[in-house]
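Okay, predicted coordinates and the sequence, questions at the end:
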Amino acid sequence: RSLVGSEMCIRDRVSTQSTGGVVSIVIGVLYYFLSKRVILNDVSTDPEPPSFDKLKVRNYSSETAEKQKRLYPDLRPRHYNRTPEELFRIVKEVVQNQKDWELVYFSEKSRKLEFVATTPLMRFKDDVLVWVNRTVEGVGCIVHVRSVSRVGRGDLGANHKRILFFYELLS
């Protein structure tokens, strides 16, 4: 009996130490993630994006652009071999076909649209601006996106992911 009791005691100690190690790793990863990603809740593919026309959103700052450049070096506008008018119609359809995206404004003349994206779990509302420009060369066009969280100082990367997802939908 005493051998069985000793074995149980050892097993409990190993289990507690393993759990403690896992908890430490999880806390370390969360700290790293939160300290690096949570500081930004406004993401744009253009360092000087146009203002929103309908939604009330603060201006994009140069400080935000610098933070974004460090956090999301992969984020840039996408080029498409279509006319701006044709691509704008596609952009509008993509937005209208997403369940948790509500189109609130669009202008075919300026080729800008605004929508509100609702996050699935917490139902947070984020404001998104999309605009389509002709390339400088005149061949094809460029699609820019800005996504802004309404609540909090950080977004856990949600705006960055939304922009990349949007570009996937356009492809």
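Received the coordinates, thanks. Keep in mind the model is a prediction, meaning the values are calculated, not measured. Numbering: from 1, shown residues only.

quick one, phi psi at residue 58?
Main-chain dihedrals, residue 58, degrees, to the nearest 10: phi -60, psi 160.

hmm, I was thinking of residue 114
phi -130, psi 140.

That one against residue 106, yeah?
Yes: using CB atoms under 8 Å, residue 114 is in contact with residue 106, at 7.4 Å. For the C-beta atoms, the positions are set from N, CA and C on the backbone; glycine is no exception.

Look up how far residue 112 lies from residue 78.
Per CB to CB, to the nearest Å, residue 78 is found 16 Å from residue 112.

Between those two, tell me which one has more neighbours.
residue 112 (22 against 16; other CB atoms under 10 Å).

Can you say which helix or strand has the residue nearest to that one when sequence neighbours are not counted in it?
Spatially, and ignoring its direct neighbours in sequence, residue 112 is nearest to residue 131 (4.4 Å; CB to CB, 6 or more residues apart in numbering). Using DSSP states H and E, residue 131 falls within strand 125-134.

ok now that strand, how far from the chain's centre?
13 Å (CA atoms, centre = their mean, to the nearest Å).

Paired strands for that strand, with orientation please.
strand 112-118 (antiparallel), strand 141-149 (antiparallel) (DSSP bridges).

Most tightly packed of those?
strand 141-149 (a mean of 22; mean count of other CB atoms under 10 Å).

Quick one: mean pLDDT over that one.
Averaging pLDDT along strand 141-149 gives 97.

now the strands for this protein?
In the chain, the strands defined using DSSP state E lie at 42-44, 78-80, 101-107, 112-118, 125-134, 141-149.

Let's see the distance spanning stretch 39-58 from one end to the other.
16 Å (CA to CA, to the nearest Å).

Contacts for it, please.
59-60, 62, 64-65, 67-68, 71-72, 75-78, 104-105, 107, 112, 114, 116, 127, 129, 131, 144-149, 152-155, 159-160, 163 (CB atoms under 8 Å, 6 or more residues apart in numbering).

Kindly format the C-alpha coordinates of stretch 49-57 as PDB.
Only the C-alpha atoms of stretch 49-57 are listed here, as PDB (Å, rounded to 0.1, in the frame of the first residue of the first chain):
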ATOM      1  CA  PRO A  49      -5.900  57.500 -46.300                       C
ATOM      2  CA  PRO A  50      -8.900  59.600 -47.300                       C
ATOM      3  CA  SER A  51     -11.400  60.500 -44.600                       C
ATOM      4  CA  PHE A  52     -14.600  58.500 -44.100                       C
ATOM      5  CA  ASP A  53     -17.700  60.300 -45.600                       C
ATOM      6  CA  LYS A  54     -20.500  58.800 -43.600                       C
ATOM      7  CA  LEU A  55     -19.000  57.100 -40.500                       C
ATOM      8  CA  LYS A  56     -17.500  59.200 -37.700                       C
ATOM      9  CA  VAL A  57     -13.900  58.000 -37.500                       C
END
